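Novice: Provide a 3D model corresponding to the input given below.
(one chain, ligands or ions: 1)
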Amino acid sequence: MAIRFPDGFLWGGAVAANQYEGGYLDDGKLPSIQDVLPVGGLSAPTDEPTEDNLKLIGIDFYHRYAEDIALFAEMGFKVFRFSIAWSRIFPLGDEETPNEEGLAFYDRVLDELEKHGIEPLITISHYETPLHLAKTYDGWTDRRMIGFFERYARVLFERYGHRVKYWLTFNEINSITHAPLMSGGIWTPKDQLSKNDLYQAIHHELVASASATKIAHEINPDIKVGCMIIAMPVYPLSPDPADVWAARLTEQENYAFGDIHCRGEYPGYYLRALRDAGVEVQITDEDRETLKHTVDFVSFSYYMSICNTADPAKQIKGEGNILGGVSNPTLEASEWGWQIDPLGLRIVLNDYWERWGKPLFIVENGLGAKDQLVVLDGELTVEDDYRINYLRDHLKAVGEAVDDGVELWGYTWWGPIDVVSASTAQMSKRYGFIYVDRNDDGTGTLARYKKKSFGAYREIIESNGASLA
Ligand code: BGP
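Specialist: Coordinates of the predicted model:
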């Protein structure tokens, strides 16, 4: 069957400032929480940045952006999703005046994208809360964070809002329950964090997200603001209704974030879960009003599905993405234990479209794998057929969902160029179509090489998906 993607479909790639920019103290920037997470986003932080942290240099996009954007253009990118490092714009996070040099850097990036006709898609906050806000305010547990974020978002919309149409507020906002520091800038160690503080932090982020959406629309009504959630379908481990219900409850933990962003209020099942957990969230009348500013579209990352069961004896957790879950005996996994499930992407797309009726945007999907550089026709490259297969299988599932009637604006592959991993802080967990010569021990020339998948993705984009058939 022919695979057809809509005209103007936004094909591209996605990255985050802390994983690729480097230049962590350049031009007035101060550290973010990532600069003290040398072994990954789920681990304990160091007190100060340490040299073994690969993110301090990243892949040096800060100095090589023109070269990298030219490579994206060569693949035919229509869109490029990147985040702005909050601590470049407000180095401490709570100051009144933004750092002009930080703002000027993103002007240059936008100029370069414009030169190649690539549409920007900006994530305002992607796991990179300024370190000062984490240490001084305990991140999003503090209500004052809403004001700091509003100020930051306003500066961005005023500066770039005339040339950037697509914006996301918080990357994978539902990850905060599992990664409170990386996702919510919460300095209190996870095992000491009270449920009240955690859910209050979630509330503050949700209010800030709605408030930023409102500000964006006031500044430029043409701006489209989306929420961004980890999509992970949860299957029952067996047909036992108790398993189906267990899966449902886990799914609701993720649905809640989309429901609040799309419907403008807390759903009943979420309020019940809070009550059952004995959590009391402080919600003001003003918060309730603010939450009514719903998003224009829903974006999500998709890497894997999980299972759940009511049977404690079968609660065998797999490795995997930040949210984790019970392993699915029918699926294969990546080298890092992330279970590969292309059909799950079709399921998610249909599910979200039916549930919210808002346009969707897949802003992350990809395969982290160990790559081997080889010489082919005198050129260094990687024969990454495993990545090409993953890409094609997932895009075929996306094509089916489009045929099912789902309104989908675009697809950005995670890490079109190798970047430092968010969960493990490794370089060797590579997603790119472009290889970057940097190793886990920090050695390497930072040279870029095109992998076999580079040409494969270019062909898919060039044919607007038709070559997938
Ligand atoms: C998502 C994050 C990204 C990215 C990706 C891959 O959770 O939004 O920042 O890194 O996962 O994860 P990892 O780098 O841990 O393999």
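Novice: and the stretch 151-300 of the chain, which of its residues are near the ligand?
Specialist: Contact residues, the stretch 151-300 of the chain versus the ligand (CB under 6 Å from any ligand atom): 171-172. Using the backbone N, CA and C atoms, a C-beta is placed for each residue, glycine as well.
Novice: And for the stretch 351-469 of the chain?
Specialist: Residues of the stretch 351-469 of the chain lying close to the ligand by CB under 6 Å from any ligand atom are 364, 368, 414, 421-424, 429.
Novice: What about those, which one has the most neighbours?
Specialist: Highest neighbour count within these, by other CB atoms under 10 Å: Ala422, with 27 neighbours.
Novice: Was I right to think that residue contacts Gly40?
Specialist: Yes. If you go by CB atoms under 8 Å, Ala422 and Gly40 touch, sitting 7.3 Å apart.
Novice: C-terminal to the lowest-mean-pLDDT helix or strand in the chain, what's the next element?
Specialist: Using mean pLDDT, DSSP states H and E, strand 317-318 stands out as the lowest-scoring helix or strand of the chain, at a mean of 73. Downstream of strand 317-318, the first helix or strand assigned by DSSP states H and E is strand 325-326.
Novice: roughly how far out does that following strand sit from the chain middle?
Specialist: 21 Å (CA atoms, centre = their mean, to the nearest Å).
Novice: Tell me which other helices or strands that strand touches.
Specialist: If you count contacts as 3 or more CB pairs under 8 Å, 6 or more residues apart in numbering; DSSP states H and E, strand 325-326 packs onto strand 306-308, strand 317-318.
Novice: out of these, nearest to Cys262?
Specialist: strand 306-308 (22.7 Å; CB to CB).
Novice: Give the rounded mean pLDDT of the closest one.
Specialist: Averaged over strand 306-308, pLDDT sits at 94.
Novice: Distance of Pro49 relative to the ligand?
Specialist: Going from Pro49 to the ligand by CB to the nearest ligand atom, to the nearest Å gives 19 Å.
Novice: Quick check: nearest residue in space to that residue, chain neighbours excluded?
Specialist: Of all residues not flanking Pro49 in the chain, Asp35 sits nearest, at 4.2 Å (CB to CB, 6 or more residues apart in numbering).
Novice: I figured the one you found was touching Lys55, is that so?
Specialist: Yes. Counting by CB under 8 Å, Lys55 is a contact partner of Asp35 at 6.4 Å.
Novice: what is in contact with these two at once?
Specialist: Residues touching both Asp35 and Lys55 by CB atoms under 8 Å, 6 or more residues apart in numbering: 18, 24.
Novice: mind giving me JSON lines with the helices and strands packed on strand 325-326 and columns for mean neighbour count?
Specialist: Formatted as JSON lines, the helices and strands packed on strand 325-326 follow (neighbours: other CB atoms under 10 Å):
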{"stretch": "strand 306-308", "mean neighbour count": "24"}
{"stretch": "strand 317-318", "mean neighbour count": "14"}
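Novice: Reformat the ones you listed as a markdown table; add distance to the ligand.
Specialist: Shown next, in a markdown table, are the helices and strands packed on strand 325-326 (distance: least, CB to the nearest ligand atom, whole Å):
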| stretch | distance to the ligand |
| --- | --- |
| strand 306-308 | 14 |
| strand 317-318 | 15 |
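Novice: Let me have the ones you listed in TSV, adding distance to Val375 as columns.
Specialist: Listed next are those as TSV, based on distance: least, CB to CB, whole Å:
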stretch	distance to Val375
strand 306-308	40
strand 317-318	37
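Novice: and whatever residue of the stretch 1-150 of the chain ends up closest to the ligand, how many neighbours?
Specialist: Of all residues in the stretch 1-150 of the chain, Ala16 sits closest to the ligand, at 4.8 Å by CB to the nearest ligand atom. Per other CB under 10 Å, the neighbour tally for Ala16 reads 27.
Novice: Could you find the closest non-adjacent residue to it?
Specialist: For Ala16, the spatially nearest residue (CB to CB, 6+ apart) is His126, at 4.0 Å.
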